[in-house]
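Novice: Just need the structure, nothing else, for what follows:
(chains A, B and C)
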Amino acid sequence: MPRREAVRENDLTNRPCMMNGACAKDDGCTCIATLFLGRIDIDKCAWTPSHDLNYSVGMSKTSEPFDGRRWHDMGGTTAGPIPTDQHDFALWEKRVDALMVICSTKGYFTVDGLRRVLEDMAPETFETMTYYERWIASVNQNLIEAGVYSTAELAARMSEVAARGPTYGEAADG
Amino acid sequence: MPHDHHDHLSPSGHPYRPDDDHPLTYWQQMEIAIRELLIEKTVTTATEINAQIDAMDSRSPANGAAVVARAWTDPVFRDALLADASAASRDMGFDIGPMKLIAVENAPDVHNVIVCTLCSCYPRNLLGLPPDWYKSRAYRARTVNEPRKVLSEFGLTLPDTTTVRVHDSTADMRYIVIPARPEGTGGWGQDDLAQLVTRDSMIGTGVAKSPTSK
Amino acid sequence: MAERQFMRVRADMPPGHVRTPAYLRGKTGWVERKLGPFPNPEELAYGHPGTALDLMRVRFTMAEVWGPKTAFPKDTIDAEIYTHWLEPVEPPHAT
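Specialist: Have a look, this model is predicted:
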């Protein structure tokens, strides 16, 4: 079983474990499975699942044996009331959407490639990451798989971007 | 100094998503880096990205409303729409790209509702991007096994005699509901009728507005 | 009126990217319409060319999917299923 890693940026002591003890780590920490995704918003660690999560094999302990059903396959599962919150999309979200459409239209990857990576993410990411955060993570993995750029190139560029300034507006003005 | 959007609503009345003047997130950092790499490697251009954003922004439920209103008034078009909704939408001048669209029609005893349980497939190339609730766990999980309860949360209570048809958008098709034409709209033109066609009525979580509530 | 072609969805539970929802696996419905060939998403997802497979809209009753005690057994669910997930079956006895 892959060991789950949490990015520790803050002091995590005394925070409740979002997994209610169901996670695979044995030190009572507030981990969220990040696997290849890298980093999560540590402030959301107090989140408690309101439903029965179906963990993927190897990701976490679970109270029932895994029956093969994957977390994204939600039809017919128990869930709460339909949320009414609505937001307008930010520019960076529209850009993620546009990159997905352009790159898939040009054949760098398929919509099913996008979905495959989204589905392979840890179940918690559906609640801990926003829609377009998950999308950019998937677009990235698909582009690396397609050989458009390397992880090293991305790493270097991300560091450059962050060095430009602390806000999106400043960092986007490259 | 950064200012705050919290006290402001967008023209559509929804809060702005924190963006330019909020601290850069890891995923925004990644988006900027990827976009720049794609432009440098001539996969795309800034112009092309902006054009794609403009194209998506130009799509809205008004497009679908025009299609529905025409189907209400033009029986030949209605038949064409039911036979091939992609072709019929293109014939009206809508750029829906490669999207394959199926129109399902409500009847006095049949109500249709659309969901995507596996992700959040939506007829975005006609209606624009989906509402947040359409992508929610609650809507995706519950619509296939308790559609009437879900609809009641949208304020729509159907008689027991109505058959509910749920369409799970699992593969290559996208769906639009043709809601029933409201009573009391005899003689109305397509433009006026289109004003009665809401986004939710084309997803099936609502019905068309009545002329008195217009 | 044409005879309904009944189909049972395979009850397999493979890993990986699949577009057949788990709640329909093992259930029987009838072909609402045939949509023609589409590339297999289970191959596209991993960067392979997709083998052309016939795609069908299959209609299931709520009673079939959720059991006879479901609140509105005659309501229906339609879903698009690729033919490699479908097995033709004899029509069930009239309900």
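Novice: Helix or strand: which one has residue C:29?
Specialist: Here residue C:29, judged by DSSP states H and E, is contained in strand C:28-39.
Novice: How is residue C:48 assigned, secondary-structure-wise?
Specialist: Per DSSP: H, G, I helix; E, B strand; the rest coil, the local secondary structure of residue C:48 is coil.
Novice: Then residue B:47?
Specialist: Assignment for residue B:47 (three-state DSSP): helix.
Novice: Count the neighbours of it for me.
Specialist: Per other C-beta atoms under 10 Å in any protein chain shown, the neighbour tally for residue B:47 reads 9. For every residue, glycine as well, the C-beta is placed using N, CA and C.
Novice: again, but for residue C:89
Specialist: 13.
Novice: now do residue A:79
Specialist: 17.
Novice: pretty sure it contacts residue B:138?
Specialist: Yes - using C-beta atoms under 8 Å, residue A:79 is in contact with residue B:138, at 4.3 Å.
Novice: So what would you say the end-to-end distance of stretch B:191-211 is?
Specialist: Start-to-end span of stretch B:191-211 (C-alpha to C-alpha, to the nearest Å) is 13 Å.
Novice: Off-centre distance for that stretch?
Specialist: Stretch B:191-211 sits 12 Å away from the centroid of its parent chain (C-alpha atoms, centre = their mean, to the nearest Å).
Novice: Next, see if that stretch gets close to chain C.
Specialist: No - interface with chain C: stretch B:191-211 contributes nothing (C-beta under 8 Å from any C-beta of the partner chain), its closest point being 12.2 Å away.
Novice: low pLDDT regions in chain B?
Specialist: B:1-20, B:213-214 (pLDDT under 70).
Novice: Which residues are in contact with residue C:42?
Specialist: By C-beta atoms under 8 Å, 6 or more residues apart in numbering or on different chains, the residues touching residue C:42 are A:112, C:16-19.
Novice: Can you say which of those residues are buried?
Specialist: Among these, those buried by neighbour count (16 or more other C-beta atoms under 10 Å in any protein chain shown) are A:112, C:17-19.
Novice: quick one: which of those is nearest residue A:124?
Specialist: Of all these, residue A:124 sits closest to residue C:17, with 19.6 Å by C-beta to C-beta.
Novice: If I follow the layout properly, the closest one ends up in contact with residue A:117?
Specialist: No - under the criterion of C-beta under 8 Å, residue C:17 makes no contact with residue A:117, lying 9.1 Å away.
Novice: So which bits of the next helix or strand after the strand holding residue C:29 are buried?
Specialist: Later in the chain than strand C:28-39, the nearest helix or strand by DSSP H and E is helix C:41-44. Buried residues in helix C:41-44, counting neighbours by 16+ other C-beta under 10 Å, are found at C:41-44.
Novice: Please read off the pLDDT at the residue of chain C found nearest chain B from the model.
Specialist: Per C-beta to the nearest C-beta, the residue of chain C with the smallest distance to chain B is residue C:80, at 3.7 Å. Looking at residue C:80, its pLDDT is 98.
Novice: number of nearby residues for residue B:68?
Specialist: Residue B:68: 29 neighbours (other C-beta under 10 Å).
Novice: got the phi/psi numbers for the closest residue to it other than its chain neighbours?
Specialist: Nearest residue to residue B:68 in three dimensions, chain neighbours excluded: residue B:197, at 4.7 Å (C-beta to C-beta, 6 or more residues apart in numbering or on different chains). Torsion angles at residue B:197 (phi, psi; degrees, to the nearest 10) stand at phi -90, psi 110.
Novice: re earlier: can you add secondary structure and pLDDT and give the contacts of residue C:42 back as a markdown table?
Specialist: Formatted as a markdown table, those follow (DSSP: H, G, I helix; E, B strand; the rest coil; pLDDT from 0 to 100):
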| residue | secondary structure | pLDDT |
| --- | --- | --- |
| A:112 | helix | 98 |
| C:16 | coil | 97 |
| C:17 | coil | 98 |
| C:18 | coil | 98 |
| C:19 | coil | 98 |
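Novice: any idea which of those is closest to residue C:54?
Specialist: Taking C-beta to C-beta as the measure, residue C:19 is the one of the contacts of residue C:42 closest to residue C:54, at 13.8 Å.
Novice: Just say helix, strand or coil for residue 165.
Specialist: Just going to use chain A. What three-state DSSP gives for residue A:165 is coil.
Novice: other chain: chain B
Specialist: Using three-state DSSP, the structure places residue B:165 in strand.
Novice: Name whatever forms a beta bridge with it.
Specialist: Following DSSP bridges, residue B:165 is listed with bridge partners residue B:112, residue C:76.
Novice: That one contacts residue B:111, correct?
Specialist: Yes - contact between residue B:165 and residue B:111 holds when scored by C-beta under 8 Å: they sit 7.1 Å apart.
Novice: what about the two, which has more around it?
Specialist: Legend: neighbour count by other C-beta under 10 Å for residue B:165 and residue B:111, higher for residue B:111 (25 against 21).
Novice: mind listing what the more buried one touches?
Specialist: When contacts are taken as C-beta under 8 Å, 6+ apart, residue B:111 is in contact with B:151, B:158, B:162-165, B:204.
Novice: Closest one to chain A out of the residues you listed, please.
Specialist: Of all the contacts of residue B:111, chain A sits closest to residue B:151, with 9.7 Å by C-beta to the nearest C-beta.
Novice: Please report the distance of the closest residue to chain A within chain C from residue B:146.
Specialist: In chain C, the residue found nearest to chain A is residue C:13; the distance is 2.9 Å by C-beta to the nearest C-beta. Distance, residue C:13 to residue B:146, using C-beta to C-beta, to the nearest Å: 24 Å.
Novice: between the two, which one's more packed in?
Specialist: Between residue C:13 and residue B:146, counted using other C-beta under 10 Å, residue B:146 has the larger neighbour count: 18 against 13.
Novice: so where does the residue lying closest to that one once chain neighbours are set aside fall, helix or strand?
Specialist: Closest residue to residue B:146 apart from its sequence neighbours, by C-beta to C-beta, 6+ apart: residue C:71 at 7.4 Å. Assessed by DSSP H and E, residue C:71 sits outside every helix and strand.
Novice: again, but for residue B:68
Specialist: Taking DSSP H and E as the definition, residue B:68 sits inside helix B:61-73.
Novice: residue contacts, the residue in chain B positioned nearest to chain C?
Specialist: As assessed by C-beta to the nearest C-beta, chain C sits closest to residue B:171 within chain B, at 3.7 Å. Taking C-beta under 8 Å, 6+ apart, we find residue B:171 in contact with C:19, C:38, C:41, C:55, C:80-82.
Novice: List the buried residues of the helix holding residue B:68.
Specialist: If you call a residue buried by 16+ other C-beta under 10 Å, then helix B:61-73 has these buried ones: B:61, B:63-73.
Novice: sec struct for the nearest residue to residue B:81 once chain neighbours are set aside, please.
Specialist: Using C-beta to C-beta, 6+ apart and skipping residues adjacent in sequence, the residue nearest residue B:81 is residue B:88, 4.2 Å away. Reducing the assignment at residue B:88 to three states with three-state DSSP gives helix.
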